[in-house]
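Colleague: Fold the following.
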Amino acid sequence: MNPASTTDQVPAVRLRSVTRSYGRGGSDGSMVKALDDVSLTVRRGTFTAVMGPSGSGKSTLLHCLAGLDRPTGGRVLLGDSDLTGLSEARLTRLRRERIGFVFQAFNLLPSLTAAQNVALPLRLAGRRPRKADVLDALDRVGLRERARHRPGELSGGQQQRVAVARALVTRPEVLFGDEPTGALDSTAGRAVLGLLRDMTDDGRTVIMVTHDPVAASFADRVVFLADGRIRDELDAPSAERVAARMAAGSGPAAGASPAFSKGPALSETSASSGAVPC
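Modeller: Residues are numbered from 1 along each chain as shown. Next comes the predicted model:
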């Protein structure tokens, strides 16, 4: 069998019965579970949006998937690499070489130009940045002409677009976004979402946490969380269908509706079967 074909068949990311607990928050001394026995498979070359009410476990899920947080139980795999037992040094190297991040906060270094901020992940990974690659990443977010500007000379939306370019420049296998369009106006936000959508055409995988039904509509699949468990999913989403699902899931009390809180969590098979190829 062609080795490349074998690689293509391996899912981009997998969670196996992952639990993440924090502290002892209850009056009875019980642990607070941010994730509760979550299993999920994300295929290569797909765009997945993760949604749910506040406190549902969205950010914890993203952090565990990306190797930024360690689960209390279960396994997390990036391709064939099991992140669960890796040392901090090996996790750091893996994130630099194979993962991209875009957060709601820009996290740009104020003393560096836009181009220098974009090149920073390559330098941290021990790679010499090519000027053409840096400028191409900035060009893709419409900021090539701002390459020499520092963050203080850019608007908030422009700073976030630099952060997106910084994530794109390493050509990551998987890009994780935590509200990546939260600081952008609708026009700039759609442009960034289009860039993320285009990444899947190259076989890369995008996993994004968002509260925005329009942003989620750019994905192949939306996974809905509540109380630390996967409760529902939606394939080939439209903004209207996502908004309706979220409205059904909010209810008079957070997490109280049938869409999110009643019945068993989805099985891994049903949660992983609906990714729609680009």
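
Colleague: what about Leu108, neighbour count?
Modeller: Leu108: 22 surrounding residues under other Cβ atoms under 10 Å. All C-beta spots, glycine's among them, are computed from the backbone N, C-alpha and C.

Colleague: again with Ala247
Modeller: Ala247, neighbours per other Cβ under 10 Å, totals 12.

Colleague: again, but for Arg93
Modeller: Arg93 has 15 nearby residues by other Cβ under 10 Å.

Colleague: What of Pro180?
Modeller: Neighbours around Pro180, by other Cβ under 10 Å: 28.

Colleague: any idea which helix or strand carries the residue lying closest to Leu168 once chain neighbours are set aside?
Modeller: Distances taken as Cβ to Cβ, 6 or more residues apart in numbering put Ala137 closest to Leu168, at 4.9 Å, once the chain neighbours are dropped. For Ala137, the host element (DSSP states H and E) is helix 131-140.

Colleague: one step back: isn't the residue nearest to Leu168 right next to Val169, touching?
Modeller: Yes: Ala137 is within contact range of Val169, at 4.2 Å (criterion: Cβ atoms under 8 Å).

Colleague: how about Arg241, what does it touch?
Modeller: Shown in contact with Arg241 (Cβ atoms under 8 Å, 6 or more residues apart in numbering): Leu234.

Colleague: Then it would be within a strand, right?
Modeller: No: if the criterion is DSSP: H, G, I helix; E, B strand; the rest coil, then Arg241 is helix and not within a strand.

Colleague: From Asp235, how far out is it?
Modeller: Arg241 sits 10 Å away from Asp235, going by Cβ to Cβ, to the nearest Å.

Colleague: With Asp220 instead?
Modeller: Applying Cβ to Cβ to Asp220 and Asp235 gives a distance of 7 Å.

Colleague: And the helices in the stretch 51-200 of the chain, which stretches?
Modeller: All helices of the stretch 51-200 of the chain, identified by DSSP state H, counting those that start in this stretch, fall at 58-65, 88-98, 114-124, 131-140, 156-168, 186-199.

Colleague: so how far is Gly79 from Arg140?
Modeller: For Arg140, the distance to Gly79 - Cβ to Cβ - is 25 Å.

Colleague: of these two, who's got more company?
Modeller: Arg140 (20 against 17).

Colleague: burial measure for the nearest residue to that one once chain neighbours are set aside, as a count.
Modeller: Leaving aside its chain neighbours, Arg140 sits nearest to Leu195 (5.8 Å; criterion: Cβ to Cβ, 6+ apart). The number of residues packed near Leu195 is 21, by other Cβ under 10 Å.

Colleague: quick one: Leu195 and Gly142 touch, right?
Modeller: No: with contacts counted by Cβ under 8 Å, Leu195 stays clear of Gly142, the gap being 9.6 Å.
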